[in-house]
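S.K.: Need coordinates for the following:
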Amino acid sequence: MPEPTKKDETPNGEKESVATDSSEAPMPTPEISLEVSPPPPVWSLGDGQAPEDLDKPVDTPPLSSLLIERPQGGSITVGGDISFVAKVEAQDLLRKPTIKWFKGKWMDLASKTGKHLQLKETFDRRTKIHTFEMHIIKAKDNYAGNYRCEVTYKDKFDSCSFDLEVKELEQSQSVDIRSAFKRSSEGHEDAGDLDFSGLLKHREPKQDETPEVDVWEILKSARPDQYEKIAFEYGITDLRGLLKRLKKTKKEEKKSEAFAKKLDPAYQVDKGGKIRLVVDLADPTVELKWYKNGQEIRPTPKFIFEQKGTQRILVINNCGLNDDAAYSVAAGEEKCTTELFVKELPVKITKEIEAVKTTVNERIELECEVSEEGAQVKWCKNGVEVPTGPRSRYRVKSDGLKHWLIIDDASKEDTGTFSLMASGGTSEAKVQVELKPLKIIQDLQDMTVLLGQPLKMHCEIFPGNVPGRWYRNGQLIQSNDRINILQRAKNHRLEIVNSTIHDAGDYTFVPEGYTQSLCAKVHIVDPPRVHLESLNFPDNTVTIVAGNKLRVEIPISGEPAPRVVWMKGERVILDSGHRVRAETFPDHTSLTIDIAEKDDTGNYKIVLQNEAGEAGASIKVKVVDIPDPPEVPLVTEVGGDWCSMTWEPPIYDGGSPILGYFIERKKKQSSRWMRLNFDLNKETTFEPKKMIEGVPYEVRVFAVNAIGVSKPSEPSKAFVPLAVTSEPTMLVVDDVTDTTVTMKWRPPDTIGAAGLDGYLVEYCIEGTDDWRVTNKELTEKTKYTITGLPPEAKILVRVRAINAAGASTPRTLQHSILVKEVIEPPKIRIPRHLKQTYTRKVGEAVNLVIPFMGKPRPKVSWLKEGQTVDPTQVTIRNTDCDSIIFIRKAERKHSGKYDMKVEVENHVDTAIIDIQIVDLPGPPQCVKIDEVWGGNVALDWTPPKDNGNAAITGYTIQKADKKTMEWYTCIEHYHRTCITITELVVGNEYYFRIYSENMVGLSEGATQTKDSALIVKEGMQLKNPEYIDHDFKEPPKFTQPLINTFAIAGYNATLNCSVRANPRSPLRNSECMFSSKGALPSLSSCSVECLYT
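M.R.: Residues are numbered from 1 along each chain as shown. Got it, this is the predicted structure:
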């Protein structure tokens, strides 16, 4: 982007002028006017990528080969030109690829084009290659760095990086007033020497090597059509702004009416100095006002107004950086402006920093003196700025010209090079901080501590506040909940709350930063102890199963290691015993019994002895075993799939209480026992379940204590589970008369292994509990009629199922039954599929069942179309609840409506059954060819005479070539009686036939067209027109008559003529006729030639 420059106009809209006035004298007008127009845009490449970002990956799409020539890195001197070229082959590309040039990681150079950077691109149509160029003109040292070129086309991507090195060129530099006044609001490096706003940003000026040319004089003397050429030649890109300023400059050439002498375009003053802005008025009585950046200036000690005759003077005392602004003076309606540049002098160091050598914990003061009060300086250590925040160890102080850096409590890390940086120079000094000599005031002492007592170690060294580290046996000691490490000035302490055996050893204290160390030995002693509490044995009793191995390990402690003695009663157990032996180890002792016996039960005593004392303890060993088997179980009750059993506990419980029992069963014929309970049964009774009826079983019992499971008991006597059946189901009343009641039911859902012997039917009069058995013998049927009942009595009925296990639960009718016959009106229940027309094909069987209701038994009659049904054609069978119509082989004559009539006394119910017997239809009639055109044939026909007793659902049309007479289907299921057959082959002759179709199928035969259809190729037929012959006859006519001819005597002579005639007439040569006035000269021959045209 081009550098921003100072605005063209002041806030009041007047033209702005720039000048410098270091000695209160105006600069030459041509040089001042050069800065009126905005300077040529200067391209800045920026600082590039930060060093810490160079190693970071750049997110880019996958690379693909687009670049056929990549830009290469180069090296130039300051002010030189260089070009970078990238080429892309466009052979396979539909449009121009996109290219971007970057400096560093992110700076896009497309926005930096101008005087110093130009981007070009060309395309060679012959080779189909895109060429992209980047030209750097008059390079500067900040142009050096890493560059990148990226090319993208749709999903393709290619990238290339290259480096540019800019070398300094040492040469004499000349001052250019035009570039010296160049201002940069953002502090670019191409700011001029007199750009004091750039100096405020602490930037070093760069002088542009531009020849001193008065562009304004060239523009004033040039024609308007040459402005663009001059601007391009001198690198002026803002031509429009240049022309505006040129126009305003020309307007100011007219003489001012209010000012005899205006302000100079620009003034310059050093910071802290004094300056006078003078104008000369043409009319001293005019009211005058001074402005700073558009704000009116009031008289103050800083701003003083003076007047000498017609001169009006603004005196600015003690100029500061905030006085660098645009000033204007208004006299009436006129106004003139100027710019004041305040030059900040560089701050120089008048007194260097002195080197310091001291020891730790001392105070360090670094003093430096500069040339200006209140100057901004920066303190650094080893090139890095020193932090001076509230939590920092460093403090900065200034008083007038002096500046101090104070370190209150110096440490060895403060050793280094400290520097003070000012705008006019840098002062450096080395600071060296050393340790003070170590002096041991109190050394560590050897100690002997009782185990568990606190351990405290103390030493005292000089200098104080020196940290140190404690070591035990060479291992660093860290502070924790048990160990405390304390330091107070010169005193260093190590405190251990509860000492342990591991705390014994060689202790060392090492002061930090010193090679000297303090050492001492610590010895821990402990009387012997037996730790039975860690065994978690109740009452110190150890229980062991007989036959197993017992090993009891008891932790012991003592320093030095104690002597251990095991005793049982008065007998000492030696470590060389065979079955029972004792062993001793550094931290525990053990008692081992290889095969435990009942005699091993008893008290065992342990005695410990060492130099610090004696200790003892005792434990009890108990040997246990599995219990004896229980007594033989007894089965007390048997059910359908269960039984109830009981038994007696074992005589000997094995020295441990009985926890419960396991029960097993098996089939008598089998040898495989099955566990019935996985959880211990604590009682001596149990009910096995889920057994198979009719199968003999045996059961046995195991006793369980804490040691294990006993041997099984003797098996019980064999037993067979049997169960009665479940109650009968669906007990309903089937029929009732004045003296009888007929009941029916269904068998029980569960019968069981005992089977079903029969049923027992009982009844009682409602209101009594006197159940009477109606059948003396069991009935195997599920229907029974109770006879001999009193008329109009109300009874209750129940039924039981009987088998070898006994009678089942009775099934009782929920409501009472009135012994009285009931008339039920007839009701025909027509099935849903018979409510519509019942259709069957010829030859199929017809079997219809029509249920009905009614009591007493209804009378059923059938009629067909009002006539009695012929029993030889249709078989009808009636029952109490339905009527059946059966036709073994249906024919079309069986079709029709059948009337069913059901009667019960005076009650009647009727129904109509519509039966339709269908057959194949007959063929269509009158199939004919209506028309033939192109490859199309129009057919027409009439429906068949016989439709097969069903509606015609469609037609099937076929065609056959007369040559082969092979039939092919054109269309199926066609509903209309006319059709056009298309796509017929030209030159072939076709026959057509048609089948009719109904719900049964296609007709057996088809109707064929009597005539054939010839498909003739259509085209243009040439008809020779009749023309009347033209009469070409023409009478003879001379188109070229004979002409007079002169001949020489004795020579041949020829007379020529041309004749047109049709037909040709014969030419008749006439002899030459001679005039009678003279004689014919003698000729050799004379002939006449005629040409027909």
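S.K.: now S670: how far from K717?
M.R.: 16 Å (C-beta to C-beta, to the nearest Å). No exception for glycine: its C-beta is placed from N, CA and C like everyone else's.
S.K.: Show me where the protein has its helices.
M.R.: 29-34, 177-180, 196-200, 215-221, 227-233, 239-251 (DSSP state H).
S.K.: now the stretch 401-550 of the chain, which segments are flagged as low pLDDT?
M.R.: Within the stretch 401-550 of the chain, no stretch has pLDDT under 70.
S.K.: meant to ask about the chain
M.R.: By pLDDT under 70, the low-scoring segments of the chain are 1-64, 169-214, 216, 235, 237-239, 241-242, 244-255, 1019-1023, 1067-1093.
S.K.: Report the contact partners of the nearest residue to A222 once chain neighbours are set aside.
M.R.: Leaving aside its chain neighbours, A222 sits nearest to I230 (6.0 Å; criterion: C-beta to C-beta, 6 or more residues apart in numbering). Shown in contact with I230 (C-beta atoms under 8 Å, 6 or more residues apart in numbering): 215, 218-219, 222, 236.
S.K.: Please pick the buried ones from the residues you listed.
M.R.: Neighbour-count burial (16 or more other C-beta atoms under 10 Å) applied to these gives 215, 219, 236.
S.K.: looking at the sheet around Y327, what are its partners?
M.R.: Under DSSP bridges, the beta-bridge partners of Y327 are K292, T338.
S.K.: Surely it touches I275?
M.R.: No - at 10.0 Å, Y327 does not count as touching I275 under the criterion of C-beta atoms under 8 Å.
S.K.: Look up the residues that both of those two are in contact with.
M.R.: Common contacts of Y327 and I275 (C-beta under 8 Å, 6+ apart): L340.
S.K.: and P728, what is it in contact with?
M.R.: With contact taken as C-beta under 8 Å, 6+ apart, P728 is in contact with 745-748, 759, 782, 799-801, 808, 811.
S.K.: Filter those down to the buried ones.
M.R.: Buried members of these, counted by 16+ other C-beta under 10 Å: 745, 748, 759, 782, 799-801, 808, 811.
S.K.: So what pairs up with W862 in the strands?
M.R.: M900.
S.K.: Hmm, V902 and it touching each other?
M.R.: No - with contact defined as C-beta under 8 Å, W862 does not reach V902; the gap is 10.5 Å.
S.K.: ok, now which ones touch the residue lying closest to N681 once chain neighbours are set aside?
M.R.: Closest residue in space to N681, ignoring its immediate chain neighbours: Y661 at 4.9 Å, by C-beta to C-beta, 6+ apart. When contacts are counted by C-beta under 8 Å, 6+ apart, Y661 touches 630, 647, 680-682, 684, 686, 701-704.
S.K.: neighbour-wise, which of those leads?
M.R.: Highest neighbour count within those, by other C-beta atoms under 10 Å: V701, with 28 neighbours.
S.K.: Let's have the contacts of P728 in JSON lines, adding distance to T127.
M.R.: Listed next are those as JSON lines, based on distance: C-beta to C-beta, whole Å:
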{"residue": "W745", "distance to T127": "108"}
{"residue": "R746", "distance to T127": "103"}
{"residue": "P747", "distance to T127": "104"}
{"residue": "P748", "distance to T127": "104"}
{"residue": "Y759", "distance to T127": "113"}
{"residue": "T782", "distance to T127": "108"}
{"residue": "V799", "distance to T127": "112"}
{"residue": "R800", "distance to T127": "114"}
{"residue": "A801", "distance to T127": "109"}
{"residue": "S808", "distance to T127": "109"}
{"residue": "R811", "distance to T127": "108"}
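S.K.: Can you give me the end-to-end span of stretch 95-114?
M.R.: Distance across stretch 95-114, first residue to last, is 27 Å (C-alpha to C-alpha, to the nearest Å).
S.K.: May I see the buried residues of it?
M.R.: 97, 99, 101-104, 107, 109, 112-114.
S.K.: do stretch 797-814 as well
M.R.: Under 16+ other C-beta under 10 Å, the buried positions of stretch 797-814 are 797-803, 805, 808, 810-811, 813.
S.K.: dump the residue contacts of K783.
M.R.: 734, 742-745.
S.K.: Just the closest of the residues you listed to E344, please.
M.R.: Checking the contacts of K783 against E344 by C-beta to C-beta gives W745 as the nearest, at 124.2 Å.
S.K.: what residues are up against the closest one?
M.R.: 728-732, 759, 782-783, 799, 811 are the contacts of W745 under C-beta under 8 Å, 6+ apart.
S.K.: what do you get for P856?
M.R.: By C-beta under 8 Å, 6+ apart, the contact list for P856 reads 821, 823, 904.
S.K.: Name the nearest residue to the first one, sequence neighbours excluded.
M.R.: The shortest distance from E821 to any non-neighbouring residue, by C-beta to C-beta, 6+ apart, is to T737 (5.0 Å).
S.K.: ok, back up a step: now intersect the contacts of W745 with the strands, please.
M.R.: Judged by DSSP state E, the subset of the contacts of W745 located in strands is 729-732, 759, 783, 799, 811.
S.K.: For A911, state which of these is nearest.
M.R.: Checking the ones in strands among the contacts of W745 against A911 by C-beta to C-beta gives V732 as the nearest, at 26.9 Å.
S.K.: Now the closest one. Nearest residue, chain neighbours left out?
M.R.: V732 sits nearest to K744 (C-beta to C-beta, 6+ apart), 6.2 Å away.
S.K.: Give the burial count for the nearest residue to P346 once chain neighbours are set aside, as a bare number.
M.R.: Spatial nearest neighbour of P346, chain neighbours left out: G424 (3.2 Å); criterion: C-beta to C-beta, 6+ apart. Close neighbours of G424, defined as other C-beta under 10 Å, add up to 14.
S.K.: Hmm, G424 is touching T350, no?
M.R.: No - when contacts are counted by C-beta under 8 Å, G424 is not listed as touching T350 (10.1 Å).
S.K.: overlap in contacts of those two?
M.R.: S371.
S.K.: Count the residues that sit near Y763.
M.R.: 20.
S.K.: ah, wrong one, I meant V166
M.R.: Other residues close to V166 by other C-beta under 10 Å number 22.
S.K.: Apart from its neighbours in sequence, what residue is nearest it?
M.R.: Counting by C-beta to C-beta, 6+ apart, V166 lies nearest to A144, which is 4.1 Å off, once chain neighbours are set aside.
S.K.: how much space between the one you found and F509?
M.R.: With C-beta to C-beta as the criterion, A144 and F509 are 58 Å apart.
S.K.: Neighbour count for the two, which is higher?
M.R.: Set side by side, A144 and F509 show more neighbours around F509, with 24 against 18, by other C-beta under 10 Å.
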